[in-house]
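> Could you work out the structure for the sequence below:
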Amino acid sequence: MRYLTTLVVPLAFAGCTFSSHPPAPPERGDPPADEMAERAAPPVTSVRIEDAWLGGEMADLGSFEGDAYEVLYGRSNRIELHAGARGGDEFGWAMLRLTSFTSDFEGAAFAVDTDTTGSVDAIGCTGPEHGRYVFDGGANSVRVRVEPGPDENSRLFHVRAEFDGQGYTEGGFVLYVE
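Below is the predicted model of the structure:
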């Protein structure tokens, strides 16, 4: 069983626009600007990822497996898992970044009992330690299988990414949507 618990919160940054004209005051009957912004903002979903791990067989590392010591979740359609050197494992370092083309990972495209290929891209890196890589490249095939998680608000993800001439990386994690 994997013991890493990572709370990840997608962050949204609003852009700034500069203008030589001050903003016009709201018309009579228009709601205040902060209320307008609240209406336009997407709903906030709390997501956390637990029990993440990576393993596989890569040319520069050989066989490896370890718990993820770092999990990054961003923009709802990108998940990045790091295992190895900084986490205390002896095999070196491995990273797998998954990007969905079709949906957020908590969305309907990744509902329980789905098995997808072609809708997720992966970039993998491996090397002796975090950020010091020997291999850095895109996967030529990625498979994602989603099963029921340990409770009703969770999904268990299984991932396998094949890297032409370099090997494969696989992993898993439990995604909780609250």
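> Residue 123 touches residue 140, doesn't it?
No: Residue 123 lies out of contact with residue 140 (C-beta atoms under 8 Å); the separation is 11.8 Å. Every residue, glycine included, has its C-beta placed from N, CA and C.
> Could you check which of these two is surrounded by more residues?
Neighbour comparison, residue 123 and residue 140: the larger count goes to residue 123, with 16 against 12 (by other C-beta atoms under 10 Å).
> Number of residues surrounding residue 128?
There are 14 residues near residue 128, going by other C-beta under 10 Å.
> nope, residue 97 is what I meant
So residue 97, with other C-beta under 10 Å, has 19 neighbours.
> For the helix or strand where it lies, name the packing helices and strands.
Using DSSP states H and E, residue 97 falls within strand 93-100. Other helices and strands packing on strand 93-100, by 3 or more C-beta pairs under 8 Å, 6 or more residues apart in numbering; DSSP states H and E, are strand 47-58, strand 78-84, strand 120-127, strand 154-163, strand 167-177.
> again, only using 6 Å
strand 78-84, strand 120-127 (3 or more C-beta pairs under 6 Å, 6 or more residues apart in numbering; DSSP states H and E).
> Output these in TSV; the columns should cover mean pLDDT and distance to residue 169.
Output for the helices and strands packed on strand 93-100, formatted as TSV (pLDDT from 0 to 100; distance: least, C-beta to C-beta, whole Å):
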stretch	mean pLDDT	distance to residue 169
strand 78-84	96	9
strand 120-127	96	5
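> Out of these, which one sits most buried?
Ranked by mean neighbour count, the helices and strands packed on strand 93-100 are led by strand 78-84 with a mean of 24 (mean count of other C-beta atoms under 10 Å).
> Many thanks, have a good one.
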